[in-house]
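Q: missing the sequence, but the structure's below:
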């Protein structure tokens, strides 16, 4: 009898902040695990498959993976994210991913793994396997299957101190040993002890049973991550909130045969626990990055004397009425891309993303990881962009700003209604954008790809571009020159990046991050309103 398995595994990789021991994370963790604790990089890997070559399609794996990714990125300290979706998630690429992690993770790092897709159990041996996108259907041949024992060994072999696997899958019980001590009393002493010991933990949505594609466990898991208010949470906390599902029997244990030490545990550290450093005198905006940079003092006289590559090349974007958001039929869309009609006035927009040379000329520093004068500046928060724009406007007498979200999408679409301005076929994206499929895992000098029909380069890919608005769901009514809500918790970057798949480079794709977040894929592009030249 053939059995379908839906598996979910999460892995955490350093994608957000430069040094692992940044000030914000260390401050956040000091009270719970001690000021002297050594904190390594926080890794997250997502493997999810909706479309298979031989197996039937699924509806939820990629969406679940991306939603969990977004929650972690927005609300927790994550240094780097690694993603394999659909046709990239071959057996060879999954093995290659874990081999790469084995060489790149350090002994103080933490790794969280999420896999979502088909799984299967071998009736002869009663052992489960992941089914990669190129997995065959023949149970005897088991072509390109990844048996649980191999998954277990790949995770155990990682040098990272902490590994946490979440498997929302059928028949994954042979990965873990369900024997564990009674739930501990939560205290600072518990967290200090748990973080100092090696941990190899696994959580599954069920025992030896079929798990549905639309999983109640997955919903509770996401809700628990999203709603938790504690400075840090561990698998025990999560399990307490997901074990009450009605359709399956969730399990929590350790990787069988691993070096797990009794009392050790993986920890997620929340970002909103770092508001105190600002009150204590840390420069505003530093809580998201914590690279140890000294605050920059703006000297307008010396700045005016500097070689400043401004004014920027600007393109006139003529106003008009446009439908933003995506139709329900658009593959890869999220529910917050509700379609609505907006009208925007004419404005100017930067032909290129702001480069490192331009940023250096105004700010006197270059925060970017991937250095190059003509590459886009990255690792800048929304707060950083406001400081940059304020200094630029003092220097030039202009009134530069970020585009609004509606302006950005109007400019990106360039009068089109398709997923990308060039159409609906992602095969053409490489002509216009540096993205996860062609970037070689780095940024590139601006203006090397073809522009969109209105003359904007790199509007997709290279780096995400911050826009002015606070994040919220779109209102239903048609509006003119919308500027978003008056307050909120998250700001919006648009356009995808060198590290993101084609679906995240769609004209309608929306992301959201706290204003203090700095990341190696976050940059900016300027806007300018006619008649706002300043003095």
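A: Happy to help now that I have it. Keep in mind the model is a prediction, meaning the values are calculated, not measured.
Q: Could you use CA atoms for every contact and neighbour count after this?
A: Noted.
Q: helices and strands around the strand or helix carrying residue 390, which ones?
A: Following DSSP states H and E, one finds residue 390 within helix 382-396. Judged by 3 or more Cα pairs under 8 Å, 6 or more residues apart in numbering; DSSP states H and E, helix 382-396 is in contact with helix 300-305, helix 356-363.
Q: Over the lengthiest strand in the chain, what's the mean pLDDT, rounded is fine.
A: Of all the segments of type strand in the chain, defined by DSSP state E, the longest one is strand 110-122. The average pLDDT for strand 110-122 rounds to 89.
Q: Can you tell me which helix or strand of this protein has the lowest average pLDDT?
A: Every helix and strand in the chain was compared by mean pLDDT, DSSP states H and E; the lowest is helix 276-279, with a mean of 29.
Q: Find the nearest non-adjacent residue to residue 336, please.
A: Of all residues not flanking residue 336 in the chain, residue 473 sits nearest, at 5.6 Å (Cα to Cα, 6 or more residues apart in numbering).
Q: and what of residue 411?
A: residue 317 (6.5 Å).
Q: got the contact list for the one you found?
A: 346, 347, 348, 349, 411, 454 (Cα atoms under 8 Å, 6 or more residues apart in numbering).
Q: can you do 6 Å?
A: 346, 347, 348 (Cα atoms under 6 Å, 6 or more residues apart in numbering).
Q: any chance of those residues in TSV, plus pLDDT and neighbour count?
A: Formatted as TSV, these follow (pLDDT from 0 to 100; neighbours: other Cα atoms under 10 Å):
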residue	pLDDT	neighbour count
346	92	16
347	92	19
348	92	20
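Q: ok so, going back, and the longest strand of the chain, what does it pack against?
A: Under the contact criterion of 3 or more Cα pairs under 6 Å, 6 or more residues apart in numbering; DSSP states H and E, strand 110-122 touches strand 5-7, strand 10-12, strand 42-48, strand 127-130, strand 162-167.
Q: Select, out of these, the one closest to residue 94.
A: strand 42-48 (8.0 Å; Cα to Cα).
Q: Give me the residues contacting the next helix-or-strand element following the closest one.
A: Sequence-wise, the next helix or strand downstream of strand 42-48 (DSSP H and E) is helix 61-75. Residues outside helix 61-75 that contact it (Cα under 6 Å, 6+ apart): 48, 49, 116, 117, 270, 271, 513.
Q: and the helix or strand following helix 61-75, what other elements does it pack with?
A: Under the assignment DSSP H and E, the closest C-terminal helix or strand after helix 61-75 is strand 81-85. The helices and strands touching strand 81-85, judged by 3+ Cα pairs under 6 Å, 6+ apart, are strand 42-48.
Q: Quickly run through the sheet partners of the strand it packs on, with directions.
A: Sheet pairing of strand 42-48 (DSSP bridges) gives strand 10-12 (antiparallel), strand 81-85 (parallel), strand 110-122 (parallel).
Q: Could you list the low-pLDDT ranges of this structure?
A: The model of the chain has pLDDT under 70 over residues 1-28, 30-31, 169-174, 178-188, 207-213, 273-312, 531-535.
Q: again, only this time at 80
A: 1-32, 34-36, 123, 126, 168-188, 205-215, 246-248, 272-312, 530-535 (pLDDT under 80).
Q: Spell out which residues make up each domain of it.
A: 5-276, 310-528 (automatic domain parsing).
Q: Show me what stretch 426-445 is in contact with.
A: 374-375, 449-450, 458, 460-462, 497-501.
Q: Figure out the length between the terminal residues of it.
A: Terminal residues of stretch 426-445 are spaced 22 Å apart (Cα to Cα, to the nearest Å).
Q: Could you do stretch 488-505 as well?
A: 24 Å.
Q: Show me how far that stretch is from its chain's centre.
A: Centroid separation for stretch 488-505 versus its chain: 8 Å, with Cα atoms, centre = their mean, to the nearest Å.
Q: Residues in contact with it: which ones?
A: So stretch 488-505 is contacted by 332, 434-436, 439, 460-467, 470-471, 511-515, 521 (Cα under 6 Å, 6+ apart).
Q: Can I have the buried ones of these as a ChimeraX selection?
A: Selecting only the buried entries of the contacts of stretch 488-505 in ChimeraX, with 16 or more other Cα atoms under 10 Å as the criterion:
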select :434,435,436,439,460,461,462,463,464,465,466,467,470,471,511,512,513,514,515,521
